[in-house]
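Engineer: Pasting the sequence and the predicted model now:
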Amino acid sequence: MQSNVRIHPSILNADHSKILSEIERVSKVSDFLHLDILDGKFAPNTSFSWEQAQHIISGSPIPVDAHLMVVDSDTQGPRYAEAGCKSVTVHVESTVDLKGTIRNIKSNGARASLALKPATQIEKYIDFLNDVDMFLIMTVEPGFGGQSFMPEMMDKVSKTRDLIGNRPIWLQVDGGISKDTIQIARAAGADTFVAGSAVYKAEDPAEMMKLLRSLAEGTQPES
Ligand code: DX5
Ligand code: ZN
């Protein structure tokens, strides 16, 4: 999709019993599919097993953006890249060897990204600006779909945007993104938006994806 705005639907709260058809509903209007992997240890929730994840990665008609909320990111990151994800995000809070893990994700053919929980500051990760393909600034605490967007994260998004400068690094936000909040995150400098419940609770998920995109691109007046 030719735009500097990307919208990634999260299937965390979609119907897991018919997951490929849930993905199909939005596949023509999505840039990547956001696949949340929760191990129940990094955050208080679980999501997809390794077998379910493989089924999704191999069956998805759109590239997969895996968001790993697990305690062993150094081994799981490269594993998800090897399984075919086109983008793999690991949390800085759960990665021991950040540089090595980024390198191992990339050497398996995926984009590599670092995620920051709400309490984690971006300044500590300036050294990684020449290594990563994306930063993910969480706009909720990791764990569950359907939480409220944290507007107080917008300072961190703006700071990250300034640090990125002209580098081709994507800046993703995840949590509480909806038609009411996407323009706030866009104005702060985000260009890649994860939306879960806003999309899958909508009567027509594909139409909601289109609305979110036009709001972020500024082609739709604020509602
Ligand atoms: C939360 C996950 C999110 C979640 C977003 O830990 O990382 O990707 O699915 O869901 P919404 O858009 O409902 O906040
Ligand atoms: Zn996520």
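Structural biologist: Structure's in. What do you need? Ligands and ions are numbered 1, 2, ... in the order given.
Engineer: Is whichever residue of the chain sits closest to ligand 2 part of a helix or strand, or is it coil?
Structural biologist: Per CB to the ion, H67 is where the chain lies closest to ligand 2, at 3.7 Å. C-beta coordinates here come from the backbone N, C-alpha and C atoms, glycine included. Here H67 is recorded as strand under DSSP: H, G, I helix; E, B strand; the rest coil.
Engineer: Stretch 115-131 near ligand 2 anywhere?
Structural biologist: No - contact of stretch 115-131 with ligand 2 (CB under 5 Å from the ion) is absent, the minimum separation being 8.0 Å.
Engineer: got a list of contacts for that stretch?
Structural biologist: Contact with stretch 115-131 is made by 67, 89-93, 98-99, 102-103, 112, 114, 135-142, 150, 153, 156, 159-160, 163-164, 167, 169, 174, as judged by CB atoms under 8 Å, 6 or more residues apart in numbering.
Engineer: Quick one: end-to-end distance for that stretch.
Structural biologist: 14 Å (CA to CA, to the nearest Å).
Engineer: and the residue of the chain closest to ligand 2, bridged to which residues?
Structural biologist: In this structure, H67 bridges to D36, T89 when assessed by DSSP bridges.
Engineer: so what's it up against?
Structural biologist: 10, 34-37, 89, 115, 136, 174, 194.
Engineer: can you tell me how far the residue of the chain found nearest ligand 1 sits from G218?
Structural biologist: Using CB to the nearest ligand atom, the single residue of the chain nearest to ligand 1 is G196, 2.8 Å away. Per CB to CB, to the nearest Å, G196 is found 23 Å from G218.
Engineer: With L68 instead?
Structural biologist: From L68 to G218 the distance is 32 Å (CB to CB).
Engineer: At which residues are the strands of this structure located?
Structural biologist: 6-9, 33-38, 64-69, 87-91, 111-116, 134-138, 170-174, 192-195 (DSSP state E).
Engineer: can I get these in JSON lines with mean pLDDT?
Structural biologist: Below are those laid out as JSON lines (pLDDT from 0 to 100):
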{"stretch": "strand 6-9", "mean pLDDT": "98"}
{"stretch": "strand 33-38", "mean pLDDT": "98"}
{"stretch": "strand 64-69", "mean pLDDT": "98"}
{"stretch": "strand 87-91", "mean pLDDT": "98"}
{"stretch": "strand 111-116", "mean pLDDT": "98"}
{"stretch": "strand 134-138", "mean pLDDT": "98"}
{"stretch": "strand 170-174", "mean pLDDT": "98"}
{"stretch": "strand 192-195", "mean pLDDT": "98"}
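Engineer: can you list those in a markdown table and add distance to F48?
Structural biologist: Supplementary listing: these in a markdown table, determined by distance: least, CB to CB, whole Å:
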| stretch | distance to F48 |
| --- | --- |
| strand 6-9 | 15 |
| strand 33-38 | 6 |
| strand 64-69 | 10 |
| strand 87-91 | 14 |
| strand 111-116 | 17 |
| strand 134-138 | 18 |
| strand 170-174 | 16 |
| strand 192-195 | 16 |
